[in-house]
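Participant: 3D, please:
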Amino acid sequence: MHAVILAGGKGIRLRPYTTALPKPLVPIGDQHPILEIVLRQLASSGFTTCTLAIGHLGHIIRAYVGDGSQWGLRVDYAVEESPLGTIGPLLTLRDRLPEHFLVMNGDVLTDLDYGDMLRRHRAEGPPLTIATYERSVTIDFGVLTTHAGRVVGFTEKPSMAYRVSMGVYGLTRAALDPYTAGLPLGFDELVLDLLAAGRSPASYDFGGYWLDIGRPADYDRANAEFTTHRGLLLRGA
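Facilitator: From the prediction side, this is the model:
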């Protein structure tokens, strides 16, 4: 059970919190960094090894996490010298990765069972499994349906539900074979290429707690909610 945590971003949207700290080490609640929460969760759900893909302020992450033994993990590192996108860092790691592994962003706060997701991915065998979450978006305008120069329908400020990516994926190593190490590769490009090739990713639909800590408002919400959700987020950790 191996996980790769993408922790190399600059966290620009979360400034000023990330001026001196890398985003995965920004503390939540009673001073647990996001990354520590994730590592505790991985260990409690059966993971034994983890690779941290680091870049911006990566030396601070390496100093804090060390070899991961304090959480019962064996942690190694991959240094991203220049931005390679979401999937690009994995290309330089390809020879070090098992056949099936978990990939996740380093700023995700969720009670998703990472172990169950990877086991399902491994059992079903798709090239990619995407953890998804339902989000509802309200349109702040009256929406018109038009046809041939006439208004034929009207809905006042409708809400629309979408399933969005949670930033957690199960990946099969062979899905990386068509790509060249050292070149940028985004998650969007990988998904579109798989769809074009008729190799549809699987969906792991989740309905629990999930928060992507990308902006100051998300960080404030995470701190406000952590005490309430602590039992879920650190269950078994």
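Participant: Secondary structure element for D220, which one?
Facilitator: helix 216-233 (DSSP states H and E).
Participant: Quick one: mean pLDDT for that helix?
Facilitator: Mean pLDDT, helix 216-233: 76.
Participant: list the buried ones in that helix?
Facilitator: By neighbour count on 16 or more other C-beta atoms under 10 Å, the buried set for helix 216-233 is 218-219, 222, 225-226, 229, 233. To be clear about C-beta, it is placed using only N, CA and C from the backbone, and glycine gets the same treatment.
Participant: Please apply the same query to stretch 121-131.
Facilitator: Neighbour-count burial for stretch 121-131, with 16+ other C-beta under 10 Å as criterion, is recorded at 121-122, 126-131.
Participant: Just these: which are in helices?
Facilitator: 121-122 (DSSP state H).
Participant: between the buried residues of stretch 121-131, which is nearest V38?
Facilitator: Of all these, A131 has the smallest distance to V38: 13.4 Å, by C-beta to C-beta.
Participant: Check the gap between the closest one and L25 for me.
Facilitator: For A131, the distance to L25 equals 23 Å [C-beta to C-beta, to the nearest Å].
Participant: and if you look at L6?
Facilitator: L6 is 14 Å from L25, by C-beta to C-beta.
Participant: which of these two has more neighbours?
Facilitator: L6 (28 against 21; other C-beta atoms under 10 Å).
Participant: got a list of contacts for the host helix or strand of that one?
Facilitator: Element membership for L6, per DSSP H and E: strand 2-7. Residues outside strand 2-7 that contact it (C-beta atoms under 8 Å, 6 or more residues apart in numbering): 22-24, 35, 38, 42, 47-55, 58, 61, 86, 89-90, 93, 97-98, 101-106, 114, 118.
Participant: Repeat that for stretch 184-196.
Facilitator: 83-88, 91, 127-128, 130, 165, 169, 175, 178-179, 200-201.
Participant: chain center to it, what's the gap?
Facilitator: The chain centre lies 16 Å from the centre of stretch 184-196; the measure is C-alpha atoms, centre = their mean, to the nearest Å.
Participant: For that stretch, buried residues please.
Facilitator: The neighbour-count check on stretch 184-196 (16+ other C-beta under 10 Å) flags 185, 187, 190-191, 194 as buried.
Participant: three-state assignment of Q70?
Facilitator: When classified by DSSP: H, G, I helix; E, B strand; the rest coil, Q70 comes out as helix.
Participant: That one and I60, how far apart?
Facilitator: As judged by C-beta to C-beta, Q70 and I60 stand 16 Å apart.
Participant: Please save the CA atoms from the longest strand seen in the chain in CSV.
Facilitator: Using DSSP state E to assign secondary structure, the strand with the most residues in the chain is strand 159-172. Provided in CSV are the C-alpha atoms of strand 159-172 (Å, rounded to 0.1, in the frame of the first residue of the first chain):
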residue,chain,number,x,y,z
SER,A,159,-28.9,25.2,-8.3
MET,A,160,-27.0,22.6,-10.2
ALA,A,161,-25.3,19.5,-8.8
TYR,A,162,-21.9,18.3,-10.1
ARG,A,163,-19.5,15.6,-9.1
VAL,A,164,-16.0,17.1,-8.8
SER,A,165,-12.6,15.6,-8.3
MET,A,166,-11.4,15.5,-4.7
GLY,A,167,-7.7,15.5,-5.5
VAL,A,168,-7.3,11.8,-4.6
TYR,A,169,-6.7,9.2,-7.2
GLY,A,170,-5.9,5.5,-7.6
LEU,A,171,-3.4,5.1,-10.4
THR,A,172,-2.1,2.1,-12.3
